[in-house]
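Asker: just to be clear, the model below is a prediction. Sequence and coordinates:
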Amino acid sequence: MTLQFDNVSFTYPGGTAGVFDISLGIGRGELLAIIGASGSGKSTLLKLLAGFVKPDSGRILIDGNDVGHLAPEARRLGVVFQNYALFPHMRLWENVAYPLKVRGVARDERRSRAVDMLGRVGMNLRADDFPAELSGGQQQRVALARALVFEPQGLLLDEPLSALDAGLRMEMRDEILRVQRQSGIATLLVTHDQEEALSIADKVVMMRDGRLVQIGTPRELYETPADASVAAFVGQSNLWPGDVTGEGAVSTPIGTLACDTVGRTLGDKVTVLARPERIEPVTDAINSAMPGRFAGTMVADRYLGPLRRIDVAVAGGVIRLETHLREPVIGVVIPPGAIRLLPPA
Amino acid sequence: MAIIAIAYLIFLVAPMLLLGLGSFGGSWSNTLLPTGFTWRWYQELAADPSFRRAFVTSLQIVTTTCVLNLLIGLPLAYAIQAGARGGVRVAARIVTLLPVAAPELVLAFGFILVFSSDALPWLGSFWLLAAGHLVLTLPYTVTALVADMEQLGLDQYEHAAATLGASFAARLRDVTLPLLRPSLLSAMLTVAALSIGEFQLSNLISGFLSRTYPVVLLQAFYGATGFACAATVVLLLLATLASLTSGLTAQFAGSLRSRRAA
């Protein structure tokens, strides 16, 4: 593992917030995203790795060496900050050349290396401009170039896309991934945007209250969340408390649902998860006496372009579903395969 | 708007114009404007040893005050900005502002009490006077710098520079000082203006040979009007000179990095 946390704990002075007993690793060329609500400790992990704060216990390893007590300047990690932090008094090439300058590279060589690096993010023609002349996305590219030009051992991205508008965010997401793949560098991405994490990360870590809740591939987090909090944070979800009432049957506030109960015993408390896109809309009369079939009325109908996200009120609750149908929905079917049983909340 | 601006300018400039006129006037009593033209007042002023000495002393005091402000104010502001959190931060900022709240007269008598003792017999010395000016001006420097550091988001740039491999000294040279240059400049201009015009404290604690220009100027008003005008015009020139010097000091501090970054 190139970047590694080994039982790391840290508490902010004078408070109880922090991160607790964190162990995780990022391999060469791997992109690991940390997601979680504000205050979950995801930014603290980045600060620990970058060296802005020092761990109370545990080890932080870069290429196997304990760097826990090294200053940030001794760690050789490229960091892209939320607001880019390009030096406003330096030209773009000077910004990108700065890490080379402090390493004593001669002026001509560092200029040519900086311009090369700017070329890799498509900004070489602006080398002599100042950061204030650039748009947010362009500053982002330059910040990425500056973080990579000195061939660091790891790349840390702190909410890199949060200051951009939606369209540009998609484009920069691909751009970051392309540059990251090209340089084959171990990368830590901190984001509150789960969609961003799912779309570009090799592995995603979900944090809550300073602890790791789940670590896995984007697909694992989405399809097999560890608990209701992960399911709620990653993507859209329907979550109901339930009791196992028989083999293949779970009772919930909206009624009895048929599903796979293997591994559960009668009377077990569970949380029932059904993703909206797995729920089938019904547009004509439905026999709601059968398990998993509900008649209801639409209480919210959000038009999202390619699909609609609809809330259907049924006796005992609301069911959210996504469909590409354009007709009014008057009932739903929750197929057994759409349901996943999670630990009770 | 233009009329108001012009009226305000006239209001500001008129006294200075009158001073200028008066300083070249042969005699000025009981008339609206002076009569006759003469260089005499400036010649007398230039020949007066106490004014010449005070002129030089004032320049020295202003320069020393500016340099001390840079040497002490910059690290102090940096420490408050980078190190102090929560209550400590508030306390530090209040303490740095205290000298402004204390009447200068009280400060001056405090100086007299402490520094006329046998243990610390420094009353009347140049350095004590400079220290007095430093106490009066430092709050302005520190307040302005801390506010600007916060507004710039200086810590973010420093974090960025650190991750790029810059040591503390390199960060100071390449990032902190260049970014703070405009703030240093305006802080030094304020300091120079305050120091050059300072009268109360200087009048009470300066020695006979280390009197600043405003202290000596008071005496001019006991003599001829023309002489007083000329002496005041020189103070205005002195103020301009001091502002330029202090501005250059700050430029220099900010450009330690220069010779083109990278």
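Answerer: Yep, that arrived. Remember, it's a predicted structure, so these values are computed and weren't measured experimentally. Numbers count the residues shown, from 1 in each chain, chains lettered A, B, ... in the order given.
Asker: all helices of the stretch 51-200 of chain A, in order?
Answerer: Taking DSSP state H, counting those that start in this stretch, the helices of the stretch 51-200 of chain A run over residues A:92-101, A:107-120, A:136-148, A:166-183, A:194-200.
Asker: for the third one, name the packing helices and strands.
Answerer: To tie it back to what came earlier, the one meant is helix A:136-148. Helix A:136-148 is packed against strand A:77-80, helix A:92-101, helix A:107-120, strand A:154-158, helix A:166-183, with contacts defined by 3 or more Cβ pairs under 8 Å, 6 or more residues apart in numbering or on different chains; DSSP states H and E. For the C-beta atoms, the positions are set from N, CA and C on the backbone; glycine is no exception.
Asker: helix A:107-120 and that one, what's the angle between them?
Answerer: Here the directions of helix A:136-148 and helix A:107-120 differ by 130 degrees (axes from the mean of the first three to the mean of the last three Cα atoms, to 10 degrees).
Asker: ok, residues contacting helix A:136-148?
Answerer: The contact list for helix A:136-148 (Cβ atoms under 8 Å, 6 or more residues apart in numbering or on different chains) reads A:78-81, A:84-86, A:92, A:95-96, A:98-99, A:114, A:117-118, A:120-123, A:126, A:131, A:134, A:155-156, A:160-161, A:163-165, A:168, A:171-172, A:175-176, A:179, A:183, A:185, B:163-164.
Asker: how many residues are close by the residue nearest to B:Trp28 when sequence neighbours are not counted?
Answerer: Leaving aside its sequence neighbours, B:Trp28 sits nearest to B:Pro34 (Cβ to Cβ, 6 or more residues apart in numbering or on different chains; 3.6 Å). Applying other Cβ atoms under 10 Å in any protein chain shown, we find 20 residues neighbouring B:Pro34.
Asker: ok, now which ones touch B:Pro34?
Answerer: Contacts of B:Pro34 (Cβ under 8 Å, 6+ apart): B:Leu21, B:Gly22, B:Phe24, B:Gly25, B:Gly26, B:Ser27, B:Trp28, B:Thr225, B:Gly226.
Asker: just the buried members of these?
Answerer: Among these, those buried by neighbour count (16 or more other Cβ atoms under 10 Å in any protein chain shown) are B:Gly22, B:Phe24, B:Gly25, B:Trp28, B:Thr225, B:Gly226.
Asker: related to what we said a few turns ago, mean neighbour count and mean pLDDT added to the helices of the stretch 51-200 of chain A, as a markdown table?
Answerer: Below are the helices of the stretch 51-200 of chain A laid out as a markdown table (neighbours: other Cβ atoms under 10 Å in any protein chain shown; pLDDT from 0 to 100):
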| stretch | mean neighbour count | mean pLDDT |
| --- | --- | --- |
| helix A:92-101 | 26 | 96 |
| helix A:107-120 | 17 | 95 |
| helix A:136-148 | 24 | 93 |
| helix A:166-183 | 15 | 88 |
| helix A:194-200 | 20 | 92 |
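Asker: nearest to B:Gly132, of the ones you listed?
Answerer: helix A:92-101 (42.4 Å; Cβ to Cβ).
Asker: check the offset of the closest one from the chain's centre.
Answerer: Counting by Cα atoms, centre = their mean, to the nearest Å, helix A:92-101 is centred 30 Å from the centre of its parent chain.
Asker: do the same with stretch A:162-174
Answerer: With Cα atoms, centre = their mean as the basis, stretch A:162-174 stands 14 Å off its chain's centre.
Asker: kindly reformat the helices and strands packed on helix A:136-148 as TSV containing distance to A:Gly64.
Answerer: Converted to TSV, those look like this (distance: least, Cβ to Cβ, whole Å):
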stretch	distance to A:Gly64
strand A:77-80	15
helix A:92-101	23
helix A:107-120	27
strand A:154-158	13
helix A:166-183	20
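Asker: nearest to B:Ile72, out of the ones you listed?
Answerer: B:Ile72 lies closest, by Cβ to Cβ, to one member of the helices and strands packed on helix A:136-148: helix A:92-101, at 29.4 Å.
Asker: got the CA positions of stretch B:27-34 in CSV?
Answerer: C-alpha atoms of stretch B:27-34 as CSV (Å, rounded to 0.1, in the frame of the first residue of the first chain):
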residue,chain,number,x,y,z
SER,B,27,3.9,90.7,7.2
TRP,B,28,0.4,89.4,8.2
SER,B,29,-1.5,91.1,10.9
ASN,B,30,-5.0,92.5,10.8
THR,B,31,-5.4,91.8,7.0
LEU,B,32,-7.2,89.0,5.2
LEU,B,33,-4.1,88.0,3.3
PRO,B,34,-0.4,88.7,4.0
